[in-house]
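Q: fold the following for me, if possible:
(chains A, B and C)
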Amino acid sequence: MSNKINTIGIPSEEEIKKAQIDFSPRCTAAGRVNDKETQKMVEYILNFARKHSLFVLAYGTGCGAIEIPATMTSRYDAERFGIRGAATPRQADVLLITGYLSTKTLKRVIRVYEQMQDPKYVIAFGSCTINGGMYFDSYNTIKALDRYLPVDVYIAGCMPRPESVIKGFIKLQELIQNGNAGNGECYRDNLDWYRTNQQKIIKNWDFPDEYNW
Amino acid sequence: MDLIHNLKEVFEIDAKIKNDFQIEVEAKKELVSSILLYLKNQHGFIHLDHMSCVDWIEDEVFELVYIVWNPNTKKTVLLHTKIDRNKPEMENIDTIWDQANTYEREFREMYGIEFPGLVAEREFILEGWTEMPPMRRDFDTKKYAEETYATRPGRENAEDVREKIIKRTGEEIPDFAKKYSRD
Amino acid sequence: MEGIGFKILGALLTTILAFVVGMFYGGLNRKITARTQNRVGPPVYQNFIDLVKLQGKRTNIAHGFMGHIAPVLAIIASLTVLMFIPVLHDGLWFRNLTFKGDLIFLLYMMVFGSLGMALGAGQSGNPNSAIGVSRGLAQMVGYEIPFVLALVSLMIQFHTTSIQDLMAYQHETGQWIIFANPFAFLAAILSYLGMFRYSPFDIVGAPAELASGPISEFGGKYLGTMMTSGSIFAFIKLVLMVDIFFGGAGNFGSGFWGVVAGLVELVVKTFIVYMIPVFIGLVSPRFRTEQAIRFFWKWPTAFGVIAILWSVFL
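A: Next comes the predicted model:
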């Protein structure tokens, strides 16, 4: 298993240095408008449906997982926006990362993200995913999630309250309606860059060589 | 106290009463497993509460603490022992309590303490860790984190960004939040 | 009015009706669940939006050939069963292919969709799917017995295996079979609880436990097709229940307004029947597998046996 040769290969020092200098994430939510004239009407309807039917795969890492039940249940009721829990990554649209990610968890998160079907969105919770938060000096926790996965919406706070979470979802809905969200294709196009970053911190790399997206 | 007297008689160690429920014992590392076995078999301390490790880098020792509990008398014994930091090796006690296995795996991974005879995977919590064991105090976590994980560039100054955000979005600071303003 | 063209048109209309009503019932279920939990809940047309979104996914993954055709098998089974159920009593429009022995045919055909899904789930290789399938088949063994007993008691009592004849009998005598043979109704409705797979019999899906069981590896358009098939099948079960025990719908003649009035009657009756599993599901936690099977083999089966005795000796 561990002797498998990766198609991308282990990053050289030069690549690592390059990746470190080039900080800006490759896939951002802004500026990816689908402007094909022929498909505008279809895309509009599909975007409307995507916007109002978000199946959420809550990846319960860190403390943010405790905000999810509050958001989903009676008091804040996220289901009125069409937000609903999904049981498996295959069925899900939104990956919700609720807090700090250790390198060990990041590996699983990447697997989960790659199993989701396009169009897929990522919402990252809390300051830990933005800049490390209180784990800024931890030996085992990543500090900027968008280096490893394309993130659509960040929700700041430690932890964000359910109101902020719902506001984040509404922001995502706006982005979806404008065609700005969903970076699965961009992730695939820039896979080399993301893989370089991921392999730099995930030491025992044993992903399958070729992905069946 | 019966227990303190017996410990003095059998092992020639001084136990002292910390409070009504806790008895503190300090022993050499060779004696630890015999004391624990004695406490378990003769005095009913059948439950291993906890094991912990402290890194005394100035004295060049690791201090291991074994906490055992007697459910009948509700008394706790804290057994301290010190081992050499440069060649950390400790006796394996998972034959006395099975759950000690987990603690010892963690010590091996986080402090690099070896337990001869411990049957367990070497890799426990950390995956593919090649550096110094991270809980040792001479391991610089901040430096390691800055070198390994990308850091998002922060702001240069320490201004109150709320004013800026308010100007941008046209919202107002609510009254209850005004008292936290930096001006 | 006779002619193959009208038959085809009627079949199409039946399909559309089953799809629309089934999906709306799914949405209503979510809405009612939400209101019971003091939430606002999604709009009743939420399931349609979900379906459009699922069909509009850009990538869809299937694990091999069987995984690819499993949703198709499921929807084919649903549509086949639908074609053999007389939706309305009077008129030619919604009778479709109903024939003299359709009650026995349905008993066989209603299992087919689940089997298709089981084959597809088996190929995905997901352990959750495998556990879900085995649980589903075990539960099916549980609820099929009282259901068959209930239907057999009706066959004995009325000397017919045709749903159309049962409806005609209820129409002529004016007595619904729920009063003519109440124990058969009890056995059938209790086995319906298992067939609908709401709580406490949601041991197949069990989102918190099995990650939605057999469908855990289906996403995108496959999931959408499964959802459609499930909605149509829910409608079928409700119509069958109404046809057999509640006098059927549409005894208003075969004119246009007669058909419309019949459809309204059908929707009202099916909705009332649908509320039984929904409300029981709302207040119940989940059974374990062996508890579910033990339940089905205890009370519903006892009711079924009493129903047969009732129909033989009365």
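Q: from A:Ile166, how far off is A:Glu79?
A: Remark: distance between A:Glu79 and A:Ile166 (CB to CB, to the nearest Å) = 11 Å. Any C-beta I mention is one placed from the backbone N, CA and C, and that applies to glycine too.
Q: likewise C:Pro86?
A: In terms of CB to CB, C:Pro86 sits 48 Å off from A:Ile166.
Q: before we move on, what about B:Asp59?
A: For B:Asp59, the distance to A:Ile166 - CB to CB - is 54 Å.
Q: the two: who's more crowded?
A: A:Ile166 (19 against 10; other CB atoms under 10 Å in any protein chain shown).
Q: I figured that one hits A:Ala78, correct?
A: Yes - using CB atoms under 8 Å, A:Ile166 makes contact with A:Ala78 at a distance of 6.2 Å.
Q: tell me, what's touching these two both at once?
A: A:Thr71 (CB atoms under 8 Å, 6 or more residues apart in numbering or on different chains).
Q: show me what contacts B:Arg122?
A: Contacts of B:Arg122 (CB under 8 Å, 6+ apart): B:Arg108, B:Glu109.
Q: ok, and the helix or strand in chain A with the lowest average confidence?
A: Sorting the helices and strands of chain A by mean pLDDT, DSSP states H and E puts helix A:13-21 at the bottom, at a mean of 57.
Q: please apply the same query to chain C.
A: helix C:207-210 (a mean of 76).
Q: next, the closest residue to B:Gly117 other than its chain neighbours: secondary structure please.
A: Closest residue to B:Gly117 apart from its sequence neighbours, by CB to CB, 6 or more residues apart in numbering or on different chains: B:Asn92 at 4.6 Å. Secondary structure for B:Asn92, judged by DSSP: H, G, I helix; E, B strand; the rest coil, is coil.
Q: hmm, B:Ile113 and B:Asn92 touching each other?
A: No - between B:Asn92 and B:Ile113 there is no contact under CB under 8 Å: 10.7 Å.
Q: shared neighbours of the two, anything?
A: B:Glu104.
Q: so who does the closest residue to B:Tyr144 other than its chain neighbours touch?
A: Spatially, and ignoring its direct neighbours in sequence, B:Tyr144 is nearest to A:Tyr139 (5.3 Å; CB to CB, 6+ apart). A:Tyr139 makes contact with B:Glu131, B:Pro134, B:Phe139, B:Thr141, B:Tyr144, B:Ala145, B:Thr148, according to CB under 8 Å, 6+ apart.
Q: local confidence estimate at A:Asn197?
A: You'll see A:Asn197 listed with a pLDDT of 84.
Q: Three-state assignment for it, please.
A: helix.
Q: ok, for it, nearest residue in space, not its chain neighbours?
A: A:Asn197 sits nearest to A:Arg147 (CB to CB, 6+ apart), 4.8 Å away.
Q: what number of residues lie near residue 39?
A: Picked chain A for this. A:Gln39: 11 neighbours (other CB under 10 Å).
Q: oops, chain C please
A: 19.
Q: against chain A, how distant is it?
A: According to CB to the nearest CB, to the nearest Å, C:Arg39 and chain A sit 4 Å apart.
Q: is that residue located within a helix, as I assumed?
A: No - under three-state DSSP, C:Arg39 falls outside any helix and is assigned coil.
Q: phi and psi next, for the closest residue to it other than its chain neighbours.
A: Excluding its sequence neighbours, the residue lying closest to C:Arg39 (CB to CB, 6+ apart) is A:Asp77, at 4.2 Å. Main-chain torsions, A:Asp77, degrees, to the nearest 10: phi 40, psi 80.
Q: do you know how far A:Asp77 is from chain B?
A: A:Asp77 is 24 Å from chain B, by CB to the nearest CB.
Q: what sits against that residue?
A: C:Ala34, C:Arg39, C:Val40, C:Gly41.
Q: ok, so of those residues, who is nearest chain B?
A: C:Val40 (25.9 Å; CB to the nearest CB).
Q: pLDDT score for the closest one?
A: C:Val40 is given a pLDDT of 89.
Q: same question, A:Ala30
A: pLDDT at A:Ala30 comes out at 50.
Q: picking that back up, which strands or helices does the least confident helix or strand of chain C pack on?
A: Counting contacts by 3 or more CB pairs under 8 Å, 6 or more residues apart in numbering or on different chains; DSSP states H and E, helix C:207-210 is packed against helix C:127-158.
Q: around chain A, pick out the residues from chain B.
A: B:125-131, B:134, B:139, B:141-142, B:144-145, B:148-154 (CB under 8 Å from any CB of the partner chain).
Q: pLDDT weak spots in chain A?
A: Along chain A, the parts satisfying pLDDT under 70 run over A:1-38, A:209-213.
Q: actually chain B, not the one I wrote
A: In chain B, residues with pLDDT under 70: B:1, B:154-160, B:179-183.
Q: please enumerate the helices of it.
A: Applying DSSP state H to chain B gives helices spanning B:2-11, B:32-42, B:100-110, B:141-148, B:161-169, B:175-178.
Q: who wins for proximity to C:Gly194 among those?
A: Minimum separation from C:Gly194 across the helices of chain B (CB to CB) falls at helix B:100-110, 42.8 Å.
Q: tell me the gap between the closest one and the middle of its chain.
A: Mean-position distance between helix B:100-110 and its chain equals 10 Å (CA atoms, centre = their mean, to the nearest Å).
Q: so A:Phe55 lies in a strand, does it not?
A: Yes - according to three-state DSSP, A:Phe55 belongs to a strand.
Q: and the residue nearest to it when sequence neighbours are not counted, what does it touch?
A: Among residues not flanking A:Phe55 along the chain, A:Ala86 sits closest, at 3.8 Å (CB to CB, 6+ apart). The neighbours of A:Ala86, taking CB under 8 Å, 6+ apart as the test, are A:Phe55, A:Val56, A:Leu57, A:Ala92, A:Asp93.
Q: go on, A:Gly132?
A: A:Tyr100, A:Ser138, A:Thr141, A:Ile142, A:Lys143, A:Ala144, B:Ala145, B:Tyr149, B:Thr151, B:Arg152.
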